[in-house]
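Enquirer: Prediction below, plus the sequence it came from.
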Amino acid sequence: MIEKKRVVLVPEYLENFSCIGSDCEDTCCVGWRVDIDQKTYKKYKNVSDREMKPLLNKHIKRRRSNASEINYAKIVMDSNSACPLLNEDKLCSIHKTLGEDYLSNVCSTYPRTTNQVNETLEKSATLSCPEVARLVLLNPIGIQFNEIEESINVRNFMNKQINTNREMSSKKIDGYFWDLRIFTIQVLQNRSYSIAHRLIILGMFYQKIQGYHLEGRLDDIPQQISSYSSLIEDGSFQDALAGITTSTTIQMQLLKELTDIRMNTGVQSYRYIECFSELLEGIQYTKDSTVEEVTKRYQLAYSEYYAPFMTPNEYILENYLVNYVYKNLFPSTNNTDIFDSYILLVVHYSLIKLHLIGMAGHHKGDFGVNHVIKLVQSFAKTVEHDSLYLNRVIELLKRNEYTSMAYMAILINN
């Protein structure tokens with residue numbers, strides 16, 4: 001019998017990914033909540049294996065409030081926030097004893113993410129996995145996308161779905177999703193401009209698109225894309241971008257405030273805590289330091305240690321941003337304000353940059369690729385998977401009126 005296949009859109013790196021198991025410097029089974037879907041929970045209840053049955057009964061519990069088919073139960077983590085079903089080699093005892101079919105939806109699909117655009121499945125992966133972070137970030141050519149065939153029996157855990165049909169979609173802006181997404185990735189991969197300037201161009205563009213959205217002028221989007229594409233191609237933006245001013249003091253203060261919010265809510269990732277400590281040490285941040293003193297050391301760390309490494313390796317940040325755009329179906333959003341999607345993109349980029357600048361100041365001439373991988377991976381695990389924190393960030397920025405393009409440029413530009 002011929003196996004049925006379906007076409008899936010994937011970034012090239014995903015075709016080269018495989019879990020490295022106990023060789024991994026981190027584990028996906030520590031530091032966060034693991035939901036168990038209803039179908040898997042019922043399978044666990046029928047397990048007869050003498051070794052596994054008491055372990056499953058002890059460590060997997062029903063949710064008694066706000067449960068659904070997706071989060072019907074949960075794994076009760078141990079005192080170290082680790083999955084108690086890991087064996088001594090940091091490998092899953094369920095997988096080893098019962099087989100892959102007994103993994104929950106979350107455990108069987110991580111670190112892969114599946115979205116659906118119309119009828120097409122799109123797969124990517126989260127950088128909270130160290131091996132994925134290496135494959136995504138360390139490709140100097142940049143991220144390419146392929147259509148592949150996979151069996152219809154492959155299990156997928158759906159993350160987001162959108163309908164881009166302009167007549168059928170309840171969110172009319174999604175009717176221009178493909179136009180906007182392709183333009184966004186083209187700008188992010190245009191190496192004629194620095195990564196900061198690419199982000200600022202996108203900010204100016206999405207500010208206009210937000211205006212069109214509010215004014216009911218969505219049909220003007222294709223013309224605006226065409227206009228911006230021409231201006232980018234002929235270099236018309238170069239002079240204006242060169243004249244953009246920035247404020248290192250405001251940048252550092254705002255980013256530090258955003259980081260403190262996350263740290264104060266509790267962080268389980270020891271790798272992220274190590275990176276955060278290196279950030280503080282790298283700019284010699286103490287309670288007694290004045291803003292002027294810390295700003296001066298922050299700028300020194302940027303110019304002496306961060307920029308010499310990152311300037312010739314900007315493809316690392318480019319790859320991060322392109323993967324973010326693709327994985328999160330940017331600029332589609334649940335919010336009515338499309339510019340909020342852009343703000344979140346900038347916040348992720350700017351927080352990563354802040355950490356890396358501080359870490360560069362800590363490691364000095366030894367700062368390199370391994371530090372970037374460690375930070376981005378642990379940052380993704382700590383921040384990207386925390387929707388409550390990200391919502392608080394947007395609220396903070398709006399409350400303090402920091403959501404203008406002028407403030408976004410300050411966060412982006414050094």
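Expert: Structure's in. What do you need?

Enquirer: Next one: S194 from N105, what distance?
Expert: 41 Å (Cβ to Cβ, to the nearest Å). Every C-beta, even on glycine, is put in place using the N, C-alpha and C of the backbone.

Enquirer: Pull the contacting residues for C92.
Expert: 29, 83, 85-86, 103, 107 (Cβ atoms under 8 Å, 6 or more residues apart in numbering).

Enquirer: Pretty sure V383 sits against Q377.
Expert: No: counting by Cβ atoms under 8 Å, V383 stays clear of Q377, with 11.3 Å between them.

Enquirer: Those two: which is more packed in?
Expert: A side-by-side neighbour count of V383 and Q377, using other Cβ atoms under 10 Å, places Q377 first with 26 against 22.

Enquirer: Buried residues in the helix or strand hosting that one, which are they?
Expert: Q377 belongs to helix 369-379 when assigned by DSSP states H and E. Across helix 369-379, burial judged by 16 or more other Cβ atoms under 10 Å covers 371-379.

Enquirer: tally of neighbours for the residue lying closest to Q268 once chain neighbours are set aside?
Expert: With Cβ to Cβ, 6 or more residues apart in numbering as the criterion, Q268 has its nearest non-adjacent residue at 3.8 Å, and that residue is G31. When neighbours are defined as other Cβ under 10 Å, G31 has 23 of them.

Enquirer: Isn't G31 up against S378?
Expert: No: between G31 and S378 no contact is recorded; they are 9.2 Å apart, counting by Cβ under 8 Å.

Enquirer: tell me, what's touching the two both at once?
Expert: Between them, G31 and S378 share these contacting residues under Cβ under 8 Å, 6+ apart: S269.

Enquirer: Quick check: phi and psi at V383.
Expert: Note on V383: its backbone torsions stand at phi -110, psi -50 [degrees, to the nearest 10].

Enquirer: which helices and strands sit right next to the longest helix belonging to the chain?
Expert: Assignment by DSSP state H gives helix 338-363 as the longest helix of the chain. With contacts taken as 3 or more Cβ pairs under 8 Å, 6 or more residues apart in numbering; DSSP states H and E, helix 338-363 sits against helix 195-215, helix 248-264, helix 270-282, helix 291-301, helix 315-327, helix 369-379, helix 387-399, helix 405-412.

Enquirer: the inter-axis angle of it versus helix 248-264?
Expert: 90 degrees (axes from the mean of the first three to the mean of the last three Cα atoms, to 10 degrees).

Enquirer: I'd say I20 and V132 touch.
Expert: No: with contact defined as Cβ under 8 Å, I20 does not reach V132; the gap is 10.5 Å.

Enquirer: These two: which is more packed in?
Expert: Taking other Cβ under 10 Å, I20 and V132 do not tie; V132 has more neighbours (23 against 12).

Enquirer: So the more buried one is in contact with K123, correct?
Expert: No: between V132 and K123 there is no contact under Cβ under 8 Å: 11.9 Å.

Enquirer: residue contacts, the residue nearest to Y206 when sequence neighbours are not counted?
Expert: Leaving aside its sequence neighbours, Y206 sits nearest to Y342 (Cβ to Cβ, 6+ apart; 4.5 Å). Y342 makes contact with 202-203, 206, 331, 408, according to Cβ under 8 Å, 6+ apart.

Enquirer: For the residues you listed, which two are the farthest from each other?
Expert: Greatest spacing in the contacts of Y342, by Cβ to Cβ: P331 and M408 (14.4 Å).

Enquirer: low-scoring stretches of this structure, by residue?
Expert: Residue ranges of the chain with pLDDT under 70: 1, 167-171, 262, 333-336.

Enquirer: hang on, the earlier thing: adding distance to E69 as columns, could you present the helices and strands packed on helix 338-363 in CSV?
Expert: Formatted as CSV, the helices and strands packed on helix 338-363 follow (distance: least, Cβ to Cβ, whole Å):
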stretch, distance to E69
helix 195-215, 34
helix 248-264, 31
helix 270-282, 32
helix 291-301, 48
helix 315-327, 24
helix 369-379, 30
helix 387-399, 20
helix 405-412, 39
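
Enquirer: closest one to Y72 among the ones you listed?
Expert: Ranking these by proximity to Y72 (Cβ to Cβ) places helix 387-399 first, at 19.9 Å.

Enquirer: got the angle between that closest one and helix 248-264?
Expert: Relative orientation of helix 387-399 versus helix 248-264 (the same axes, to 10 degrees): 150 degrees.

Enquirer: and G266, which of the three is it?
Expert: Recorded secondary structure, G266: coil (DSSP: H, G, I helix; E, B strand; the rest coil).

Enquirer: can you check L121 too?
Expert: With three-state DSSP as the basis, L121 sits in strand.

Enquirer: Verify the contact between it and V10 for me.
Expert: No: taking contacts as Cβ under 8 Å, L121 lies outside contact range of V10: 9.1 Å.

Enquirer: Tell me which residues touch I141, please.
Expert: By Cβ under 8 Å, 6+ apart, the contact list for I141 reads Y315.

Enquirer: How about P11: which residues does it bridge to?
Expert: P11 has these beta-bridge partners by DSSP bridges: F145.

Enquirer: wait, I meant K123
Expert: Note on K123: beta-bridge partners T114, judged by DSSP bridges.

Enquirer: thinking it is in contact with V10, fair?
Expert: Yes: using Cβ under 8 Å, K123 is in contact with V10, at 4.8 Å.

Enquirer: Stretch 184-202: which residues count as buried?
Expert: Quick answer for stretch 184-202 (16+ other Cβ under 10 Å): 184-185, 187-189, 193, 195-202.

Enquirer: Let's have those residues in a markdown table, adding distance to G266.
Expert: As requested, the buried residues of stretch 184-202 are exported to a markdown table (distance: Cβ to Cβ, whole Å):
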| residue | distance to G266 |
| --- | --- |
| T184 | 34 |
| I185 | 35 |
| V187 | 37 |
| L188 | 33 |
| Q189 | 37 |
| Y193 | 39 |
| I195 | 32 |
| A196 | 32 |
| H197 | 37 |
| R198 | 34 |
| L199 | 30 |
| I200 | 34 |
| I201 | 37 |
| L202 | 33 |
